[in-house]
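Sharing a sequence plus its predicted fold:
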Amino acid sequence: MLKSKHLMLLLLCTFLVSFSAEAQKKTIEQRVDSVLKLMTLDEKVGQLNQYTSAWATGPVSPEGNKIQEIKEGRLGSLLNVKGFDKTRAMQEVAMQSRLKIPLLFGLDVIHGYKTTFPIPLAEAASWDLGAIEQGARIAAVEAAASGVHWTFAPMVDIARDPRWGRVMEGAGEDTYLGCLIAKARVKGFQGKGLGNTDAVMACAKHFAAYGAAIGGRDYNSVDMSDRTLWEVYLPPFKAAVDAGAATFMNSFNDLNGVPATGNAYLQRDILKGKWGFKGFVVSDWGSIGEMIQHGFVKDNYEAAQAAIKAGSDMDMESRSYIKNLAQLVKDGKISEALIDDAVKRILQKKFELGLFEDPYKFSNPDREKQALNNPEHRAIERDMARKSIVLLKNENNILPLSSGKKIALIGPLAKSKDDMLGFWSVAWPDNSDVISQFEGLEKRVGKGKLLYAKGCGISDSSKADFAEAIAVALKADIVILSMGEKRDMSGEAKSRSNIHIPGIQEELIKAICETGKPVVVLINAGRPLVFNWTADHAPAILYTWWLGSEAGNAIADVLFGDYNPAGKLPMTFPRSEGQVPIYYNYMNTGRPAADNGTFANYRSGYIDMVKSPKFPFGYGLSYTSFKYSDLKLSSSQMDSNGTIDVSFTLTNTGKYAGEEVAQLYLRDQVASVVRPVKELKDFQKLMLKPGESKIIHFTIDKQKLSFYNNKLEWVAEPGTFDLMIGSSSADIRLKDKFELQ
Ligand code: NOJ
């Protein structure tokens, strides 16, 4: 009796909650309609217009008086405005417009706000979805408290070309991992939902296929098959829609000849049609106007027409909409309904955020003060930074460092703070909060006890300071070398044709190694770099990316073993630029070259270099070691409705407690279209004490076996599948096969 009463109550509550959510949605829709009815055509177009503030992240047009345009209702959103005072001041101007429609404030909150988190590629190396979500959550808490409504993140572009500077902004090369990280970031930014004062709108970008820019050159064209588009590049965007991303940004590139901004197939057919996306799409910076340079449209008038028809709702900085949309309606070239749809999508979000109730809701000085000075955020950042570090090499277990040794820290990044912030840092140029590597290490060894020399600058060609660095190294028991890229060597418009460690840094590494002192190299960068000599000769290497505010502390934690590194590479590291694009899930070809053979005798390889990468996708060491054993499949066959349980034992066989990311790869041996040599289909990250074993389970289902066939149908074809479980894509420890019937 009591039980059924409880059940009734539960059902009633569920009904009321879903009823009120439904009712709320309805009310918002009604309110959007009622606002729309009051708007003139010019005011509607105004909602689709977005300008930057004085602070620019792209080329700015000096035209017009923005304040006046806001008062006239000719602007729906501003980007690059932040802080309680500035957002409030701008919103006050919007409140002087006839309809008092609040402005949306957007910003590139890519990896943290005041507390700078590791660059997204570094975070991806953690393979820790909870931690990644939490990082985005904190960025949102801080940004929202500072008046920001909307972040232009996550970037979910799959990236297989490390020359492309924007690899730093994404989750790397793998679609499966990329989907999970896309979801985690959207959830983190949007928290418990729009309308909460600690949530910002996420923006999945750059739709679509921007990561495949030819030659790794930013803004470049993309030419790819529909199958690759659907199978490799689109899924993280779909994952972002599924996670509830409020907005999308289109991209600068053309895709197979049609600029993404004017691409109705992408925006109307796929995003708003097939996927049912209800949010709005913002153009990338000036990308509507840039369709003229692409040679896709004749002028801005045609650009506006092509973009609105294709489903771009908001014009970032090209002024094409504000100048032409109303005229296009008057000329009968586009229907007003097209504009209404875009306006409704934007107003809907302004309502959901609660801006119509209180336009200043997010500009709160007390909340800002508290959120931006929260020591808990720093602690979480430090942990995220440690999780992002990848141990590439550790010969003779020279790491972790034992105490009592005389340490020299040498290199151009050792004392750097700016570079720890990385590209796309909101905090930059204020680096006062950053813990440099020198500071982090000095705290550990004691003030005045850490030896230091710069050795050379990041891009230097002069060896003038080598002698001092060698002298310092000779005084030490162990040398830590801090090398890598400057913060603006990876990022937007930072493509590089040469991705070696810049300048003469590798020569400095050689010179220090020649002293005979044990050396640990820290590589700080926004992308996979090439450093073959170092990889072959330095006994220990940590890839430390750009780790953010707590970089120095996090690196010290790892060097001294307070944290056992567990990061795994989210991108393949090439031996040379000539191997690029390079990725683990390639097709086999009819004449595959052996991984280790340089002589490609009528084989698909190189005559001057092996085809294998320097460090493979999924690779990363630990201070401990792991054994994989006892692989069991619940069955060696399944039908398409069935599943197979895969289990194996993972044992920590070393001296330290540590985490391993156990990875499951599959290969469809024979299919109607050729399949990659392996594809990541699942993984688990788990902590084991020394000597401890745990049984890990993976479930194989139809979804994991499916792919797009030649008709772009998502199918699983009967046949044999290879199952591989390993510590990286190249370090497969357990193997079996099964049949799909
Ligand atoms: C251009 C970039 O491609 C995009 O990612 C960014 O959000 C906008 N500029 C705004 O800064």
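That came in fine, so what should we check first? Numbers count the residues shown, from 1 in each chain.

going forward, measure contacts and count neighbours with C-alpha atoms only.
Fine.

Help me confirm that Leu421 comes into contact with Thr116.
Yes - shown here, Leu421 and Thr116 form a contact pair, counting by C-alpha atoms under 8 Å, at 6.4 Å.

anything in contact with each of these two?
Common neighbours of Leu421 and Thr116, using C-alpha atoms under 8 Å, 6 or more residues apart in numbering, are 427, 548-549.

Average pLDDT for stretch 455-464, rounded please.
If you average the pLDDT over stretch 455-464, you get 96.

actually stretch 730-740, not the one I typed
98.

Flag every buried residue along that stretch.
Applying a neighbour-count criterion of 16 or more other C-alpha atoms under 10 Å, one finds 730, 732-734, 737-738, 740 buried in stretch 730-740.

Stretch 292-301 too?
Of all the residues in stretch 292-301, those buried under the rule 16+ other C-alpha under 10 Å are 292, 294, 296-297, 300-301.

Closest one of the residues you listed to the ligand?
Nearest to the ligand among those: His294, at 16.2 Å, using C-alpha to the nearest ligand atom.

Enumerate every residue touching the closest one.
His294 touches 254, 259, counting by C-alpha under 8 Å, 6+ apart.

same question, Pro259
Contacts for Pro259 (C-alpha under 8 Å, 6+ apart) come out as 251-253, 291, 294, 296.

Excluding residues flanking it in the chain, which one is nearest Asp226?
Closest residue in space to Asp226, ignoring its immediate chain neighbours: Leu712 at 7.8 Å, by C-alpha to C-alpha, 6 or more residues apart in numbering.

Give me the three-state assignment for the one you found.
The local conformation at Leu712, judged by DSSP: H, G, I helix; E, B strand; the rest coil, is coil.

That one: neighbour count?
Residue crowding around Leu712 was assessed by other C-alpha atoms under 10 Å; the count is 12.

what about the stretch 1-150 of the chain, any weak spots by pLDDT?
For the stretch 1-150 of the chain, the stretches flagged by pLDDT under 70 are 1-23.

Now it against the ligand: closest residue?
Per C-alpha to the nearest ligand atom, Thr57 is where the stretch 1-150 of the chain lies closest to the ligand, at 4.5 Å.

Also the stretch 501-650 of the chain?
Here the residue of the stretch 501-650 of the chain nearest the ligand is Gly526; by C-alpha to the nearest ligand atom that distance is 15.8 Å.

ditto for the stretch 201-350 of the chain
Going by C-alpha to the nearest ligand atom, the ligand is nearest to Trp285 of the stretch 201-350 of the chain, at 4.9 Å.

OK, contacts around that residue?
Applying C-alpha under 8 Å, 6+ apart, the residues near Trp285 are 58, 315-318.

Over to Asn652?
By C-alpha under 8 Å, 6+ apart, the neighbours of Asn652 are 624-627, 658, 688-693.

Turn those residues into JSON lines, columns for secondary structure, pLDDT and neighbour count.
Formatted as JSON lines, the contacts of Asn652 follow (DSSP: H, G, I helix; E, B strand; the rest coil; pLDDT from 0 to 100; neighbours: other C-alpha atoms under 10 Å):
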{"residue": "Thr624", "secondary structure": "coil", "pLDDT": "98", "neighbour count": "21"}
{"residue": "Ser625", "secondary structure": "coil", "pLDDT": "98", "neighbour count": "17"}
{"residue": "Phe626", "secondary structure": "strand", "pLDDT": "98", "neighbour count": "23"}
{"residue": "Lys627", "secondary structure": "strand", "pLDDT": "98", "neighbour count": "14"}
{"residue": "Gly658", "secondary structure": "strand", "pLDDT": "98", "neighbour count": "21"}
{"residue": "Leu688", "secondary structure": "strand", "pLDDT": "98", "neighbour count": "19"}
{"residue": "Lys689", "secondary structure": "coil", "pLDDT": "98", "neighbour count": "16"}
{"residue": "Pro690", "secondary structure": "coil", "pLDDT": "98", "neighbour count": "17"}
{"residue": "Gly691", "secondary structure": "coil", "pLDDT": "98", "neighbour count": "13"}
{"residue": "Glu692", "secondary structure": "coil", "pLDDT": "98", "neighbour count": "14"}
{"residue": "Ser693", "secondary structure": "strand", "pLDDT": "98", "neighbour count": "17"}
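
Many thanks, I have nothing further to ask.
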